[in-house]
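Trainee: Please find the sequence and the predicted model below.
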Amino acid sequence: MAGSEIPKTMRALVAPKYCWPEDGYEVVELPTPQIRDPKELLFRVHAASIATGETQVARGAVRFLLGKSKMPIRLGVEGAGVVVAVGAEVTAFKPGDEIYTFTVTRPMNLASAGGVCAEYAVTREALAIRKPAHVPFVDMCTLANLVTVVQAADRALEELRANGVEGGLRGKTVFVAGALGALGAPAAQLLKRELGAGRVVASVSTAKVPLVEALLPGVVDRVVDYTRVPRLADAVPRGSVDLVFSTQWGPEGTFALADRERGVVASLAGAPPPALLRAILPPLPAPVYWLAALAQLWYAFCLRGTRVRYFFLSGEPSVRADLVRAVDLLARGTVKALHRVVPLDDIVAIRAEAQKVATGKGGIGKLVIQIV
């Protein structure tokens with residue numbers, strides 16, 4: 001598409017005010033973004049994802065920490081599409097190239113990030129990667145979560161070795177919380193298919209129990225309905241798990257499952273330690289760091305008397321080598337994208353599915369908005 005054919009306005013998904021998705025997300029007409037840096041490129045977005053953090057920003061849950069957002073709040077930091085124009089110093093891409101991008105880097109200013117869930121978006125050359133020809137655009141929009149899982153698995157293997165566990169995950173038991181979630185689904189597949197975990201135990205809610213084998217065939221060896229037991233340890237024997245992948249808030253609820261002498265708990269959705277908070281977000285009020293430090297003390301208290309190694313990981317899709325690995329896993333079919341796809345034209349469905357993202361209840365896989 002020549003520059004003269006790029007429209008002056010476009011459709012975009014926004015929160016016109018601080019609100020829950022079901023109370024106000026809209027598709028509106030906005031000016032088409034322009035390249036303002038020689039290392040930027042403009043692409044026609046075919047698909048974009050919506051993540052939990054964006055919905056929290058859009059409902060104002062973190063405005064006292066990150067500052068007020070400019071209205072309307074533009075949604076989407078991850079997407080895939082076709083390049084239509086490039087800056088003067090862009091050398092790796094040209095118009096017509098199919099790409100994927102995650103548009104924010106550390107420290108992430110979530111109050112001003114976003115805007116990929118629109119017909120056009122701008123990204124930096126360094127944050128884009130070519131889309132394999134046979135991988136659908138909608139599948140590419142699960143990559144940020146897959147990168148996070150890859151990075152967490154690398155760290156987990158290091159921690160297992162530090163605890164005297166050799167041989168990787170071969171013959172080992174792993175537990176994945178939320179196996180049909182945006183993080184749990186790629187985690188279960190990676191641990192089983194790529195890393196060879198001997199036994200995968202996973203938790204889901206009642207309605208999702210019959211869906212696990214259909215959506216993740218041959219991946220999960222035992223499914224646990226976490227809503228039917230007061231504690232996970234009532235369903236999974238204490239100390240029976242070598243590696244716990246906690247993808248939901250409250251990682252301490254999984255601690256009892258880990259082998260007391262050599263187990264590892266990887267948390268992808270808990271309270272980050274203060275040092276990591278400083279790395280991933282702009283400066284925050286001092287009490288936030290104090291609370292984060294207290295959370296680490298709480299986790300340590302819960303693990304007292306054991307040799308279980310615990311860590312929290314926040315994914316970093318801008319790490320090129322890990323992004324390349326994730327694309328390869330997707331391209332080979334080792335990890336298959338699990339998502340629910342909603343067209344940009346259906347605002348009623350978008351609100352309903354985004355509400356599931358915001359509440360963490362009911363959704364299957366990643367929410368992807370299809371634009372083309």
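Mentor: Looks like it arrived, so ask away. This one's a predicted model, so the numbers in the text were calculated from it and none came from an experiment.
Trainee: Could you use CA atoms for every contact and neighbour count after this?
Mentor: Fine.
Trainee: Tell me who's in contact with residue 141.
Mentor: 47, 48, 49, 78, 79, 80, 100, 368 (CA atoms under 8 Å, 6 or more residues apart in numbering).
Trainee: Run through who's touching whatever helix or strand residue 311 lives in.
Mentor: According to DSSP states H and E, residue 311 maps onto strand 309-312. For strand 309-312, contacts defined as CA under 8 Å, 6+ apart pick out 159, 163, 262-273.
Trainee: So which of these are in strands?
Mentor: 264, 265, 266, 267 (DSSP state E).
Trainee: Which residues are in contact with the residue nearest the centre of the chain?
Mentor: Geometric centre of the chain, nearest residue: residue 145, 3.4 Å, by CA atoms, centre = their mean. By CA under 8 Å, 6+ apart, residue 145 lies in contact with 182, 183, 186, 315.
Trainee: and if you look at residue 252?
Mentor: Contacts of residue 252 (CA under 8 Å, 6+ apart): 299, 302.
Trainee: which SS state does it fall under?
Mentor: helix (DSSP: H, G, I helix; E, B strand; the rest coil).
Trainee: now do the one 3 residues further on
Mentor: Following three-state DSSP, we place residue 255 in the helix state.
Trainee: how close does it get to residue 238?
Mentor: Distance, residue 255 to residue 238, using CA to CA, to the nearest Å: 9 Å.
Trainee: now swap in residue 9 and tell me
Mentor: 57 Å.
Trainee: Please produce TSV containing the contacts of residue 141, extended by secondary structure and distance to residue 219.
Mentor: Putting the contacts of residue 141 into TSV (DSSP: H, G, I helix; E, B strand; the rest coil; distance: CA to CA, whole Å) gives the following:
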residue	secondary structure	distance to residue 219
47	strand	27
48	strand	27
49	strand	25
78	strand	27
79	strand	27
80	strand	28
100	strand	27
368	strand	23
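Trainee: and the two most separated of those?
Mentor: 100 and 368 (13.4 Å; CA to CA).
Trainee: Those two - which one has more neighbours?
Mentor: Between residue 100 and residue 368, residue 368 has the larger neighbour count (other CA atoms under 10 Å), namely 31 against 27.
Trainee: Check whether that one really touches residue 338, as I assumed.
Mentor: No. Look at residue 368 against residue 338 with CA atoms under 8 Å: they stay out of range, at 10.0 Å.
Trainee: on that earlier part again, higher neighbour count, residue 255 and residue 238?
Mentor: With neighbours defined as other CA under 10 Å, residue 255 and residue 238 compare such that residue 255 has more, 27 against 16.
Trainee: Next, the contact list for the more buried one, please.
Mentor: 265, 302, 303.
Trainee: If any of those residues are buried, give me the PyMOL selection for them.
Mentor: Buried residues within those, by 16 or more other CA atoms under 10 Å, are selected in PyMOL with:
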select buried, resi 265+303
